[in-house]
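[1] here is a sequence together with a model predicted from it:
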Number of protein chains: 2
Amino acid sequence: MPVSRSLSHIAVTVATGLVAALVAVTACFAQSDPLPSWSDGAAKKAIVDFVQVTTTQGSPQFVPPEARVAAFDQDGTLWVEQPMYSQIIYCLDRVPALVKAKPELAKVEPFKTVLSGNREAIAKLPMTEIEKILFATLTGMPVETFNAEVRKWLVEAKDPRWKRPYTELTYVPMQELMKYLRANGYKTYIVTGGGIDFVRQYSEATYGIPPEQVIGTAAGVKYGYAKDGKPFLTKEPKLLLNDNNAGKPEGIHLMIGRRPVAAFGNSTGDREMLEYTKAGDGARLAMLILHDDATREYAYGPAKGMRNTKVGTFTQALYDEALKNGWTVVSMKDDWKRIFAFEP
Amino acid sequence: MPVSRSLSHIAVTVATGLVAALVAVTACFAQSDPLPSWSDGAAKKAIVDFVQVTTTQGSPQFVPPEARVAAFDQDGTLWVEQPMYSQIIYCLDRVPALVKAKPELAKVEPFKTVLSGNREAIAKLPMTEIEKILFATLTGMPVETFNAEVRKWLVEAKDPRWKRPYTELTYVPMQELMKYLRANGYKTYIVTGGGIDFVRQYSEATYGIPPEQVIGTAAGVKYGYAKDGKPFLTKEPKLLLNDNNAGKPEGIHLMIGRRPVAAFGNSTGDREMLEYTKAGDGARLAMLILHDDATREYAYGPAKGMRNTKVGTFTQALYDEALKNGWTVVSMKDDWKRIFAFEP
């Protein structure tokens, strides 16, 4: 190598080294507080301590990278669930198109009530009637048709309170938490009572969670052939997995085959997932988000003066179990400096 | 920075650069033939061409990393399935322990026949009777108990022909293929008619495939509590997913939520998975392994003189569909220089 080329090679190499050093320094600063939206307190400390003891080589509670599984409930844990789960709103929004395709439904309950637009009457529909709407709007079509409909709705629909797409109603502190866990080798999973196919349409863009890391309530699909011989899958009105309560650990076993090391929820539907996570050996992190901030979000749950709700029920019994078993209860009001990315 | 420190820093940086260059060169050499056990021919060329067009930036058939999903059948595709699927042998081997725990079964068919040790009679048991054995030995116990039993068996049991543990009966060319795909950003999945919990006990050690990337025939599990209040999952005699035939694309949709770009099988049970894979846009790779080497392994399938079998059935119709749809049929005899790692 001629001296001039050799020198220029050294210069380039040194420059590369400097850039690498700069990147390392920047990363160091960035890592100094991976959870900037979390107030200093017990919840934040529990998270940071958990990550340190499970990812530090030589720590007695070290968890090998392949076993680092963290499970997140979605509704009420990663994004807003009040006054009604987004997927239910999607299903109600689909009813007019459904009736257009099947006009005979216009005079049949519960479709008649939904079409009336009477919000109070709709809110009073019993779960068995809501289920009819779910099956009618979530099944019976090819998977690709359903996916396209959901994606279109996600762009167009807006939450009435914040006048923003539902995918913007995610909690910044939880986004930081998921990134922090992933930066430390954790695989983040959504384990939701919501529909697996529904959530998979936005999980990657909204949470950085790919479809194969979404576990949810699942209807079966049926393989068949179109007229041109091309195979396709149809969503069937057959419940395969009810991913709520005991269905959460059962779904985790089916889809992951490993017990999570950390789990996050906010309601009685997450109880068994947190118990199952906590029952494993070594360090475990179990957290419940408490919605106690009526000003910035909503207030519902077990505390005095908070209202009861069928959407994201958080009973006193759940609160007691959390305290007894060393689960961390996160106060949105006190533990989160910021809730939404769009806050001023 | 003093000149001496500065120079030593340059020296270190240059040395680091040289090491990086050496690593790159070594990697280059290592990549020169990623499939050394494959003979040069149409099958090997199809694989290498597929990987190149789907992973080269700017290629019209480029597949983004997150969509690189490759699905592998297990029995007969990744390891030996003759004369009987390993999991069936496991179930038969479990019968004595089962009868010891429930002595009343000793006089009941099909357990009586299995206990007799009469191989001909056992081989003649109809599928409905075999299913009774499967349910009795694969369900009814806590997940952890089952896992421990399978792991113990895997260490102790030996294939009668090769006198080796079943996990050694994997095909080296397929191991190379999976490594080659993974080195090119593909996520490799097992999509097996075998039991999901069974295969997950060895998939990571045997194939480098973690449990969450195993899809298989699945029985439900049931969440419950032990006497000490600790939660655990019990394997239930309830079929959740029959991961054969149409069940394979259905299972893929449930567990991955993406259509594979490449799929590998060896029997009619893989037909729908290969059709589904091929029906997607862009470059697709669909392969069927043909067992045509009676000397080194077994010969069964559609060709003249090959025997028919219910284990890994490869019909003439499947062969015709493969030719018509551009699937590659891999001849074990001609395309594989080496089959097993233990060959001299």
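    Sure, I can see it. Not measured: the values here are computed from a predicted model.
[2] enumerate the residues of chain A near chain B.
    Within chain A, the residues that sit near chain B (C-beta under 8 Å from any C-beta of the partner chain) are A:10, A:13-14, A:16-17, A:66, A:143, A:187, A:196-197, A:200, A:204, A:210-212, A:214, A:218, A:220-223, A:230-233, A:240-241, A:246, A:249-250, A:253-258, A:272, A:275-276, A:279. (C-beta placed from N, C-alpha, C; glycine too.)
[3] how does it look with 7 Å?
    Within reach of chain B by C-beta under 7 Å from any C-beta of the partner chain, chain A has these residues: A:10, A:13-14, A:17, A:66, A:143, A:200, A:210-212, A:214, A:218, A:220-221, A:223, A:230-231, A:233, A:240, A:246, A:249-250, A:253-258, A:272, A:275-276, A:279.
[4] what does stretch A:100-115 contact?
    Here stretch A:100-115 makes contact (C-beta atoms under 7 Å, 6 or more residues apart in numbering or on different chains) with A:92, A:95-96, A:98-99, A:121-122, A:125, A:129, A:132-133.
[5] equivalent analysis for stretch A:251-261, please.
    By C-beta under 7 Å, 6+ apart, stretch A:251-261 touches A:54, A:63, A:67-71, A:189, A:191, A:215, A:241, A:243, A:276-277, A:280, A:284, B:143, B:200, B:211-212, B:214, B:218, B:221, B:233, B:255.
[6] so A:Lys222 sits in a strand?
    Yes - when DSSP: H, G, I helix; E, B strand; the rest coil is applied, A:Lys222 is found to be in a strand.
[7] give me every residue that touches it.
    By C-beta under 7 Å, 6+ apart, the neighbours of A:Lys222 are A:233-234, A:236.
[8] then A:Asn245?
    Contacts of A:Asn245 (C-beta under 7 Å, 6+ apart): A:269, A:271-272.
[9] repeat for A:Ile88
    A:Ile88 sits in contact with A:Ile130, where contact means C-beta under 7 Å, 6+ apart.
[10] what pLDDT does it get?
    You'll see A:Ile88 listed with a pLDDT of 93.
[11] got the phi/psi numbers for it?
    A:Ile88 adopts backbone torsions of phi -60, psi -40, taken as degrees, to the nearest 10.
[12] now do the helices in the stretch 151-300 of chain A.
    A:172-183, A:196-199, A:203-207, A:247-255, A:271-278 (DSSP state H, counting those that start in this stretch).
[13] please identify the deepest-packed of those.
    helix A:247-255 (a mean of 26; mean count of other C-beta atoms under 10 Å in any protein chain shown).
[14] average model confidence for that helix?
    Rounded mean pLDDT across helix A:247-255 is 98.
[15] what does stretch A:325-338 give?
    The model assigns stretch A:325-338 a mean pLDDT of 97.
[16] contacts for it?
    A:37-39, A:41-44, A:46, A:172-173, A:274, A:278, A:286-293, A:297, A:319, A:322, A:339.
[17] tell me the contacts of the most centrally placed residue in chain A?
    Nearest to the geometric centre of chain A sits A:Gln74, at 2.8 Å (C-alpha atoms, centre = their mean). A:Gln74 makes contacts with A:190, A:192, A:194, A:199, as judged by C-beta under 7 Å, 6+ apart.
[18] of all these, which comes closest to A:Thr167?
    A:Val199 (10.9 Å; C-beta to C-beta).
[19] which of the contacts of A:Gln74 fall within strands?
    A:190, A:192, A:194 (DSSP state E).
[20] which of the contacts of stretch A:100-115 lies closest to B:Arg161?
    A:Lys132 (57.3 Å).
[21] neighbours of that closest one, how many?
    Residues lying near A:Lys132 (other C-beta atoms under 10 Å in any protein chain shown) number 15.
[22] against chain B, how distant is the residue nearest to it when sequence neighbours are not counted?
    Nearest non-adjacent residue to A:Lys132, counting by C-beta to C-beta, 6 or more residues apart in numbering or on different chains: A:Pro110, 5.9 Å away. Here A:Pro110 is placed at a distance of 28 Å from chain B (C-beta to the nearest C-beta, to the nearest Å).
[23] returning to what we had before: and which of the contacts of A:Asn245 is nearest chain B?
    A:Glu272 (5.6 Å; C-beta to the nearest C-beta).
[24] let me see the contact set for the closest residue to A:Tyr171 other than its chain neighbours.
    Distances taken as C-beta to C-beta, 6+ apart put A:Ile339 closest to A:Tyr171, at 5.8 Å, once the chain neighbours are dropped. Counting by C-beta under 7 Å, 6+ apart, A:Ile339 makes contact with A:171-172, A:296-297, A:332.
[25] now, which of these sits nearest B:Met306?
    A:Tyr171 (60.7 Å).
[26] check whether that closest one really touches A:Gly76, as I assumed.
    No - the criterion here is C-beta atoms under 7 Å, and A:Tyr171 misses it with A:Gly76 at 9.6 Å.
[27] the two: which is more packed in?
    A direct count of neighbours by other C-beta under 10 Å for A:Tyr171 and A:Gly76 places A:Gly76 higher, at 28 against 22.
[28] list the buried residues of the helix or strand where A:Asp93 lies.
    Secondary structure assignment for A:Asp93, by DSSP states H and E: helix A:86-101. Buried positions in helix A:86-101, judged by neighbour count with 16 or more other C-beta atoms under 10 Å in any protein chain shown: A:86-92, A:94-95, A:98-99.
[29] same question for stretch A:181-194.
    For stretch A:181-194, using 16+ other C-beta under 10 Å, the buried residues are A:181, A:184, A:186-194.
[30] residues making contact with it?
    So stretch A:181-194 is contacted by A:34, A:51, A:55, A:65, A:68-75, A:85, A:87, A:178, A:199, A:203, A:207, A:209, A:213-217, A:243-244, A:248, A:251-252, A:256, A:269, A:273 (C-beta under 7 Å, 6+ apart).
[31] rerun that using 6 Å as the cut-off
    Under the criterion C-beta atoms under 6 Å, 6 or more residues apart in numbering or on different chains, residues A:51, A:55, A:65, A:68-72, A:74, A:87, A:178, A:199, A:203, A:209, A:213-217, A:243-244, A:248, A:269 lie in contact with stretch A:181-194.
[32] of those, keep whichever come out buried.
    With burial judged by 16+ other C-beta under 10 Å, the buried subset of those is A:51, A:55, A:68-72, A:74, A:87, A:178, A:199, A:203, A:209, A:213-217, A:243-244, A:248, A:269.
[33] how about the helices in the stretch 1-150 of chain A?
    Using DSSP H, counting those that start in this stretch, helices in the stretch 1-150 of chain A cover A:3-32, A:42-55, A:86-101, A:111-116, A:119-123, A:127-138, A:143-156.
[34] out of these, flag the one nearest B:Thr139.
    Nearest of those (C-beta to C-beta): helix A:127-138, 29.3 Å.
[35] low pLDDT regions in chain A?
    Segments of chain A classed as low confidence (criterion: pLDDT under 70) are A:1-31, A:304-305.
[36] contacting residues for A:Tyr276?
    A:249, B:231.
[37] 7 Å instead, please
    A:249, A:259, B:231.
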